[in-house]
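please find the sequence and the predicted model below.
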Amino acid sequence: MSNADAAKSPYPWRMDDLVSLCARRGFIFPSSEIYGGINGFWDYGPLGVELKNNLKALWWQRVVRERDDVEGLDSSIICHPRTWEASGHVEHFSDPMVDCRACKKRFRADQLDDAGPCPAREGTSEHDFTEVRRFNLMLKTFIGASEDAAAVAYLRAETCQSIFTDFRRVKDTSRQKIPFGIAQIGKAFRNEINPRNFTFRSREFEQAELEFFIHPSEREKWFAHWLDERQRFHRELGFTADRLRIRAHAPDELAHYAKAAADIEFLFPFGWQEIEGVHDRGDWDLRRHTEYSGKDLSVTDEETKERFTPMVIETSVGIDRTALALLVHGYEEQTLPDGETRTLLRLHPALAPIKVAVLPLSKKLAEPAQKLALELRRRFTTFYDESGNIGRRYRRQDEVGTPFCVTYDFESGTDGKVTVRERDAMAQDRISLEGVQAYLRDRLEVVL
Ligand code: ATP
């Protein structure tokens, strides 16, 4: 984060604090850390993978399972290279790039405000930039034994192209009619010139995309519908209205084939940034794949017998960016009435990596407490912790967003009750051991 970014941050903590929490507690840390990391690649540890899986499950639930007009797909990451010629990526998917002749660093020509001073020149801190060149962001690889041009393939730059190439197969096998959609969650790869802002701009990331196929006369209606649905989803994650906004693209920002587009933006410590795009892509994709493959991807309306190429409304959300937004939104350094501070992650219970921690007040109570943890684990992600004083153990759970702690104390054996402590208000309830499951279920299974 540059100094200018830090100055305008609406958050009373530094991005570095969150980054260090993520590493310290095993949410997210640099890939291949023991070799010094690799720029633009990140690993999600035991808590991070739970957070991400919960987020993906919620998206899948809302976009695919709860609707009868959306089908799921899990396509291969590498597909026929012609796909990327048809989509326009081979020709156009590039960013403007400059190099500094002095310090040898490479920058995005449209992001030079963030370049900082040149460390390598004498008498000036200005960089010595080359001419602007285009740099294709697709990552290349080779298939088979020979590394010649014929063997070139690409790691997909977006997940949606296979949705278009599989359109007919999915439509026919699922017996869907227009309007309907195909959804997919998966990895995408972009050789970003300047990966930065933690996971926000990575070279390997996950997208959750929906392509919704419609009759050309219904573009406005479905665009509005999906923009609305997707906003609702982000509000459901717990993002408050002051942290979320819609930014409609101006006509000169639109891709040449697009009719309308809007970004859903979140207020990060480094400013308002896109976490999701909702796009009216017209019939560009299906037409191009028809042209390049020679396979007709148009459809016939059974009632009117009209033959047409469906138009597409796309919703494309970054799982990593949304997970980062959740961490940013939930992170808080709170001063308690006794003057102590606690670090807190206010994650929605449905997204929290650990739902409940079972804490015996003393190691002597380990046996019955472990028995309780074992029962709860069959239903909720449960963490058992018997080490350290109880206050410290609560703080450790607050810091990773665990919504409930169940404390087994010296009374529990006789009165058959345990104390349930809630993360945000730190309110405590004394409830019967048999009632713990139902108590947690009522509070945790609100969303899913
Ligand atoms: P940007 O302008 O920030 O590079 P984009 O407009 O190219 O993003 P899209 O191609 O619309 O992004 O991709 C859809 C979503 O995929 C984005 O809203 C974002 O959440 C995610 N995404 C795109 N690029 C990256 C990246 N380099 N790292 C992490 N997530 C990304």
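That came through fine. Since this is a predicted model, take the numbers as computed values, not measurements. Numbers count the residues shown, from 1 in each chain.

residue in the stretch 301-448 of the chain with the shortest distance to the ligand?
Evaluated by Cβ to the nearest ligand atom, the stretch 301-448 of the chain has residue 318 as its residue closest to the ligand, separated by 2.2 Å. Heads up, the C-betas are built off the backbone N, CA and C, glycines and all.

is the ligand within reach of whichever strand or helix holds residue 262?
Following DSSP states H and E, one finds residue 262 within strand 260-268. No - using Cβ under 6 Å from any ligand atom, strand 260-268 never reaches the ligand; the gap is at least 7.0 Å.

before we move on, back to that, number of residues surrounding the residue of the stretch 301-448 of the chain closest to the ligand?
Neighbours of residue 318 under the rule other Cβ atoms under 10 Å: 22.

surely it touches residue 206?
Yes - Residue 318 sits in contact with residue 206 when judged by Cβ atoms under 8 Å, with a separation of 7.2 Å.

alpha carbons of stretch 79-97, as PDB, please.
Taking C-alpha atoms only, stretch 79-97 is exported to PDB below (Å, rounded to 0.1, in the frame of the first residue of the first chain):
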ATOM      1  CA  CYS A  79      -8.800 -26.100 -23.100                       C
ATOM      2  CA  HIS A  80      -8.300 -26.100 -26.900                       C
ATOM      3  CA  PRO A  81      -6.100 -23.100 -27.800                       C
ATOM      4  CA  ARG A  82      -8.600 -22.000 -30.500                       C
ATOM      5  CA  THR A  83     -10.900 -21.100 -27.600                       C
ATOM      6  CA  TRP A  84      -8.700 -18.200 -26.700                       C
ATOM      7  CA  GLU A  85      -8.400 -17.000 -30.300                       C
ATOM      8  CA  ALA A  86     -12.200 -17.000 -30.600                       C
ATOM      9  CA  SER A  87     -12.600 -15.200 -27.300                       C
ATOM     10  CA  GLY A  88     -10.200 -12.400 -28.400                       C
ATOM     11  CA  HIS A  89      -7.800 -13.100 -25.500                       C
ATOM     12  CA  VAL A  90      -4.800 -14.000 -27.800                       C
ATOM     13  CA  GLU A  91      -5.100 -10.800 -29.600                       C
ATOM     14  CA  HIS A  92      -6.400  -8.400 -27.000                       C
ATOM     15  CA  PHE A  93      -6.000  -9.600 -23.500                       C
ATOM     16  CA  SER A  94      -3.100  -7.300 -22.600                       C
ATOM     17  CA  ASP A  95      -2.100  -4.400 -20.300                       C
ATOM     18  CA  PRO A  96       0.100  -1.500 -21.300                       C
ATOM     19  CA  MET A  97       3.600  -1.900 -19.700                       C
END
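
quick one: that stretch near the ligand?
No - shown here: stretch 79-97 not in contact with the ligand (Cβ under 6 Å from any ligand atom), separated by at least 8.4 Å.

any idea what the residue of the stretch 301-448 of the chain closest to the ligand is bridged to?
residue 207 (DSSP bridges).

got a list of what it touches?
205, 206, 207, 275, 276 (Cβ atoms under 8 Å, 6 or more residues apart in numbering).

how about the secondary structure of the first one?
Read it as residue 205. Under the three-state scheme (DSSP: H, G, I helix; E, B strand; the rest coil), residue 205 adopts strand.

that one: neighbour count?
For residue 205, using other Cβ under 10 Å, the count is 21.

quick one: pLDDT of the spatially closest residue to it that is not a sequence neighbour?
Nearest residue to residue 205 in three dimensions, chain neighbours excluded: residue 320, at 4.7 Å (Cβ to Cβ, 6 or more residues apart in numbering). On pLDDT, residue 320 comes in at 98.

same check, this time on residue 110
For residue 110, pLDDT reads 86.

which residue is the nearest non-sequential neighbour of it?
residue 96 (5.9 Å).

so the one you found, which state does it fall into?
Per three-state DSSP, residue 96 ends up strand.

residue ranges of each domain in the protein, please.
Taking automatic domain parsing as the criterion, the chain consists of the domains 3-79+155-327, 354-444.

which parts of the stretch 301-448 of the chain are strands?
307-308, 311-318, 331-335, 341-345, 356-360, 382-384, 404-408, 417-422, 428-432 (DSSP state E, counting those that start in this stretch).

what does the stretch 101-250 of the chain have sitting close to the ligand?
By Cβ under 6 Å from any ligand atom, the residues of the stretch 101-250 of the chain that approach the ligand are 158, 190, 192, 201, 202, 205, 207.

and the residue of the stretch 101-250 of the chain closest to the ligand?
Per Cβ to the nearest ligand atom, the residue of the stretch 101-250 of the chain with the smallest distance to the ligand is residue 205, at 3.6 Å.

contacts only, for residue 357.
Residue 357 touches 382, 383, 384, 385, 393, 397, 402, 404, 405, 406, counting by Cβ under 8 Å, 6+ apart.

relative to residue 260, which of those residues is nearest.
residue 402 (41.6 Å; Cβ to Cβ).

list the contacts of residue 413.
Residues near residue 413 by Cβ under 8 Å, 6+ apart: 365, 368.

quick one, what contacts the closest residue to residue 408 other than its chain neighbours?
Spatially, and ignoring its direct neighbours in sequence, residue 408 is nearest to residue 369 (4.1 Å; Cβ to Cβ, 6+ apart). Going by Cβ under 8 Å, 6+ apart, residue 369 touches 358, 359, 360, 384, 386, 408.

let's see 6 Å
By Cβ atoms under 6 Å, 6 or more residues apart in numbering, the residues touching residue 369 are 358, 360, 408.

what's the neighbour count on the first one?
Applying other Cβ under 10 Å, we find 25 other residues in the vicinity of residue 358.

that one - nearest residue in space that isn't next to it in sequence?
Counting by Cβ to Cβ, 6+ apart, the residue nearest residue 358 is residue 373, at 4.0 Å.

what about residue 289, is that helix, strand or coil?
Residue 289 is classified as helix under three-state DSSP.

that one reaches residue 164, doesn't it?
Yes - Residue 289 lies in contact with residue 164 (Cβ atoms under 6 Å); the separation is 5.3 Å.
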